[in-house]
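Asks: I would like to see how this sequence folds:
(one chain, ligands or ions: 1)
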Amino acid sequence: MPEVFREDDLLAYIRDTARALGPHVKTGPGDDLAVLDLQGRTMLVGVDQVVEGVHFVKGTDPELVGRKAVTRNISDVAAMAARPVACVAACTLPADVDPGYARRLVDGVRRTAIQFNAPLVGGDTGIHRGHGPLMLSVTILAEPISPVHPPVLRSGGKADDRLHVTGSLGGSLRPDGSGHHLDFEPRLDEAEALVSSLGAGLHAMMDLSDGLAQDAWRMAVASHVQIVIDVAALPCNAGCGWHEAVSDGEDYELLFAVAASTTVPKTLGRQRTKTTQIGLMRPMPNPDAPRVIGLLDDVELAMDRFGRFHEARSAR
Ligand SMILES: [Mg+2]
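Replies: Model prediction:
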């Protein structure tokens, strides 16, 4: 049987083969951003892209496409509890692209970058020779909020930590391509509020881009724990139930783990974004145990990365 491509397998391969990166690399592949030490100063860097047909549909307002390419990266900055510094962008355009469309795409990138204090300082453009979708990639540079607050990694979670999310989940990307994924506000302010109110009690954090089930799985692996999600506690967007909340993706909310003794503010930042406790971390009972457990009607079931439940037999 031919091998089936899985994105997570390739990411694991990249992570596993990233050895001997040098003493200035503090956090390599596998977190929301990489963390570098530049002669005593911490710098964070990452890249994220939007592709037509994957992250937006053909016909989407180009300024919103440009915005999303930037805000996805800003969301990763928030996930590290960092502050944006600058960005660069690379774009591959369809051969028949309308010049006005291309300019509005650039406007969307530039304006959004300025809005989040990450000015667009360079980049590259290319054009497909034949058919090919619009691809826009943004590289973000960031720095810690302050010298006393180091970046928050997804690997810092500990057994007995409580797991929380900001905002509400599900239904971000509608079938016609519209929705919250185009105009969401990255949780920069909320992340800063968390760092200043919780300090070292904030153990791990990441943003939710691929769906809670999948992203919780990644946090559980990075933190060497099992995560239990109480699906009845999930904050769901209108028209969504827990299944959409765990599987839809494109929420760009923060998922964070705090020490059990920590009191998390009910709202965060200037927008007074709500927080909700959705579960906890516990030790892996054995190496083959599921990484994510869903608690449904008082029954613990193994949850796969697509948010589907499986036999309780293997749950613990
Ligand atoms: Mg991320």
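
Asks: could you use CA atoms for every contact and neighbour count after this?
Replies: Will do.

Asks: so what's the residue count around the closest residue to residue 28 other than its chain neighbours?
Replies: Spatial nearest neighbour of residue 28, excluding adjacent residues (CA to CA, 6 or more residues apart in numbering): residue 34 at 5.2 Å. Close neighbours of residue 34, defined as other CA atoms under 10 Å, add up to 21.

Asks: tell me the bridge partners for the residue most central in space within the chain.
Replies: Central residue of the chain (CA atoms, centre = their mean): residue 207, 3.1 Å from the mean position. With DSSP bridges applied, residue 207 shows beta-bridge pairing to residue 254.

Asks: ok, it to the ion distance?
Replies: Using CA to the ion, to the nearest Å, we find residue 207 at a distance of 5 Å from the ion.

Asks: tell me the residues of the stretch 101-250 of the chain that contact the ion?
Replies: The stretch 101-250 of the chain has residues residue 207 near the ion, with proximity defined as CA under 5 Å from the ion.

Asks: wait, isn't the residue nearest to residue 28 in contact with residue 24?
Replies: No - using CA atoms under 8 Å, residue 34 makes no contact with residue 24, being 10.9 Å away.

Asks: domains in the chain, by residue range?
Replies: Following automatic domain parsing, the chain resolves into domains at 7-144, 162-309.

Asks: residue boundaries of the strands in the stretch 201-316 of the chain?
Replies: 202-207, 226-230, 254-258, 267-268, 273-282, 292-296, 299-303, 309-310 (DSSP state E, counting those that start in this stretch).

Asks: the fourth one: partners in the sheet, and parallel or antiparallel?
Replies: In this case it means strand 267-268. When sheet partners are counted by DSSP bridges, strand 267-268 sits next to strand 273-282 (antiparallel).

Asks: what's the distance between the strand it pairs with and the middle of its chain?
Replies: In terms of CA atoms, centre = their mean, to the nearest Å, the centre of strand 273-282 is set 16 Å apart from its chain centre.

Asks: with only the CA atoms kept, save it in CSV.
Replies: The C-alpha coordinates for strand 273-282 follow below in CSV (Å, rounded to 0.1, in the frame of the first residue of the first chain):
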residue,chain,number,x,y,z
THR,A,273,-12.3,38.3,26.4
LYS,A,274,-13.7,35.5,28.5
THR,A,275,-11.7,32.5,29.7
THR,A,276,-13.1,29.0,30.3
GLN,A,277,-11.6,26.1,32.1
ILE,A,278,-12.0,23.1,29.8
GLY,A,279,-10.0,20.3,31.3
LEU,A,280,-6.7,19.3,32.9
MET,A,281,-3.4,17.5,32.4
ARG,A,282,-2.4,14.3,34.1
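
Asks: what angle sits between that strand and strand 292-296?
Replies: 110 degrees (axes from the mean of the first three to the mean of the last three CA atoms, to 10 degrees).

Asks: which of the residues in strand 273-282 are buried?
Replies: Residues of strand 273-282 classed as buried by neighbour count (16 or more other CA atoms under 10 Å): 273, 274, 275, 276, 277, 278, 279, 280, 281, 282.

Asks: okay, those in TSV with pLDDT and distance to residue 306 next?
Replies: Shown next, in TSV, are the buried residues of strand 273-282 (pLDDT from 0 to 100; distance: CA to CA, whole Å):
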residue	pLDDT	distance to residue 306
273	98	26
274	98	25
275	98	23
276	98	22
277	98	21
278	98	18
279	97	18
280	98	19
281	98	19
282	97	21
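
Asks: circling back to that earlier point, single out the most deeply packed of the domains of the chain.
Replies: Mean neighbour count, computed with mean count of other CA atoms under 10 Å, is highest for domain 162-309 among the domains of the chain, reaching a mean of 20.

Asks: any idea how far apart the tips of that domain sit?
Replies: With CA to CA, to the nearest Å applied, domain 162-309 spans 22 Å between its terminal residues.

Asks: ok, now stretch 171-189?
Replies: One end of stretch 171-189 to the other measures 23 Å (CA to CA).
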